[in-house]
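Enquirer: The following block contains a protein sequence and its predicted model.
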Amino acid sequence: MPSTFTTAPLARAALLCALGTPLAALAQEHSVKIGVSGPLSGANAFAGKDNENGVRLAVEELNAQDIKVGGKTVRFALQSEDDAGDPKQGVTVAQKLVDGGVKFVLGPYNSGVAIPAARVYNDAGVLMSTVGTNPKITQSGYKGVLRIVASDSQVGGAMANYAARELKVKNVGVIDDRTAFGTGIATEFKRQAQAAGMKVAGHEFTNDKASDFSAILTALRAKKVDAIFFGGYAPQAAPMVRQMKALGLNVPLLGGDTLCSPEMAKLGGAAVGENVRCAQAGAIIARQPAGPAFLAKYKERFKREPDVYAPSFYDQTVFIAQAMKAANSVEPLKVAQQLRTMSHQGVVGTYGYDDKGNLKKTAVTVYTFKNGALAPLASY
């Protein structure tokens, strides 16, 4: 997929020169490229586009504010690349962004892409801000890698506690799609479910391209599970819940943030309702001080509601700009150091990072679906 640029610096420079703007004036600007790496094609393209929209909205607002660093106006440009949720393509995208002079990257979306891409960005001195939740992402010690949402241990733990306390689940089945994300969150849920007193009756496996889950669902039905936890993505979870109903397996389907998506209801139709429970990093956005205003301007700009992570990508892009001002620099590692010492109140929560690049504090909210829309149940 070709790159998408906003405010391309060279084209802008040529235009301004043609209009009589002296080159000396252009020298008074910092041109900062913000890269986005995500699945803009394939089953999870809806999420990749949503993430890109969050960054785009922030970039447009920041450019309108005439932000200055070191006496120069900062002009942000967006370069978005399709990693297709594929680790190999993600590494290729990472190298392309690095070669193109991008110093700040929002993404990748998938943990399996973020883990290998992080090394490329680290070696090039690029700041990477990801929503990949696998704990391995921030165990590398890379100073320029930040996780802008809760990790699998936090999200999986919240769902395990909710299942034990609120749903009174005693016998649970686990399915994971063998991706870095799916395996990571399923493992954390399983560990913390057992710690909460639940029995894990079976752990079944699928993949992120599958559409027929009848065999593994039949196996779990035979074990009389009270609920099923799925570590995977909405394009598989939606047909899975339809097949659960067809098999008479009328138990809750539990999952992480990837199930907390309008795409889940869109693909699952009437089969998706209060039988689906998912845990998502962040507080309930509509109840946050700046939440309603963000939701309104996102819908006005893109003619649709935001999906799961657009608010987080928006918040982190704004936070990076604030850190640039505080550091009086646009150098990525100086900005990264500043991000670890500051805090930022975003539209979906408070951002501040520990020495490993994880959020110091984050809420996790459990949702269900009512009339095709997400409905919050509890926050942890």
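Expert: Okay, I see it.

Enquirer: now the end-to-end length of stretch 299-316.
Expert: For stretch 299-316, the first and last residues are 19 Å from each other (Cα to Cα, to the nearest Å).

Enquirer: Give me the contact list for it.
Expert: Contact with stretch 299-316 is made by 36, 46-47, 50-55, 57-58, 60, 106-107, 109, 129, 131, 146, 148-149, 257-258, 260-263, 280-282, 285, 291, 294-295, 298, 344, 346-349, 351, as judged by Cβ atoms under 8 Å, 6 or more residues apart in numbering. C-beta coordinates here come from the backbone N, C-alpha and C atoms, glycine included.

Enquirer: what are the phi and psi values for residue 199?
Expert: The phi/psi pair for residue 199 (degrees, to the nearest 10) reads phi -100, psi 130.

Enquirer: beta partners for it?
Expert: In this structure, residue 199 bridges to residue 171 when assessed by DSSP bridges.

Enquirer: Surely it and residue 171 touch.
Expert: Yes. With contact defined as Cβ atoms under 8 Å, residue 199 counts as touching residue 171 (5.1 Å).

Enquirer: Of the contacts of stretch 299-316, keep whichever come out buried.
Expert: Neighbour counting by 16 or more other Cβ atoms under 10 Å classes 36, 46-47, 50-55, 57-58, 106-107, 109, 129, 131, 146, 148-149, 257-258, 260-263, 280-282, 285, 291, 294-295, 298, 344, 346-349, 351 among the contacts of stretch 299-316 as buried.

Enquirer: which ones among those residues are found in strands?
Expert: Judged by DSSP state E, the subset of those located in strands is 36, 106, 129, 146, 280-281, 344, 351.

Enquirer: Pick the one among those residues closest to residue 89.
Expert: residue 36 (14.3 Å; Cβ to Cβ).

Enquirer: Near the residue nearest to the closest one when sequence neighbours are not counted, how many other residues are there?
Expert: Nearest in space to residue 36, with sequence neighbours left out and distances taken as Cβ to Cβ, 6 or more residues apart in numbering, is residue 80 at 4.3 Å. Counted by other Cβ atoms under 10 Å, the residues lying close to residue 80 total 27.

Enquirer: who does residue 80 bridge with?
Expert: Per DSSP bridges, the residues bridged to residue 80 are residue 4, residue 36.

Enquirer: what's the answer for residue 227, then?
Expert: Here residue 227 sits in beta bridges with residue 172, going by DSSP bridges.

Enquirer: how about it, what does it touch?
Expert: Per Cβ under 8 Å, 6+ apart, neighbours of residue 227: 163, 167, 169, 172-173, 251-254.

Enquirer: Now do the SS call for residue 219.
Expert: At residue 219 the chain is in helix, as set by DSSP: H, G, I helix; E, B strand; the rest coil.

Enquirer: Which residues are in contact with it?
Expert: Going by Cβ under 8 Å, 6+ apart, residue 219 touches 202, 204.

Enquirer: and what of residue 61?
Expert: residue 318.

Enquirer: And it, which helix or strand is it part of?
Expert: Assigned by DSSP states H and E, residue 61 belongs to helix 45-63.

Enquirer: how about the closest residue to residue 122 other than its chain neighbours, what does it touch?
Expert: If the residues on either side of it in the chain are set aside, residue 122 comes closest to residue 142, at 4.1 Å by Cβ to Cβ, 6+ apart. Residues near residue 142 by Cβ under 8 Å, 6+ apart: 118-119, 121-122, 128, 357.

Enquirer: Report the two of those separated the most.
Expert: The most widely separated members of the contacts of residue 142, counting by Cβ to Cβ, are 119 and 357 (14.1 Å).

Enquirer: Can you tell me the number of residues neighbouring residue 248?
Expert: Number of residues near residue 248 (other Cβ under 10 Å) recorded here: 7.

Enquirer: One more: residue 269?
Expert: Look at residue 269: counted by other Cβ under 10 Å, it has 12 neighbours.

Enquirer: Quick check: nearest residue in space to it, chain neighbours excluded?
Expert: Spatial nearest neighbour of residue 269, excluding adjacent residues (Cβ to Cβ, 6+ apart): residue 242 at 7.5 Å.

Enquirer: ok so, going back, greatest separation within the ones in strands among the buried ones among the contacts of stretch 299-316: which pair is it?
Expert: Longest distance between any two of these is 20.5 Å, between 36 and 280; criterion Cβ to Cβ.

Enquirer: Now do the residue nearest the centre of the chain against residue 105, distance only.
Expert: Central residue of the chain (Cα atoms, centre = their mean): residue 131, 3.5 Å from the mean position. Separation of residue 131 from residue 105 (Cβ to Cβ, to the nearest Å): 12 Å.

Enquirer: what does residue 355 give?
Expert: Applying Cβ to Cβ to residue 355 and residue 105 gives a distance of 21 Å.

Enquirer: same check, this time on residue 44
Expert: 18 Å.

Enquirer: same thing with residue 67?
Expert: 19 Å.
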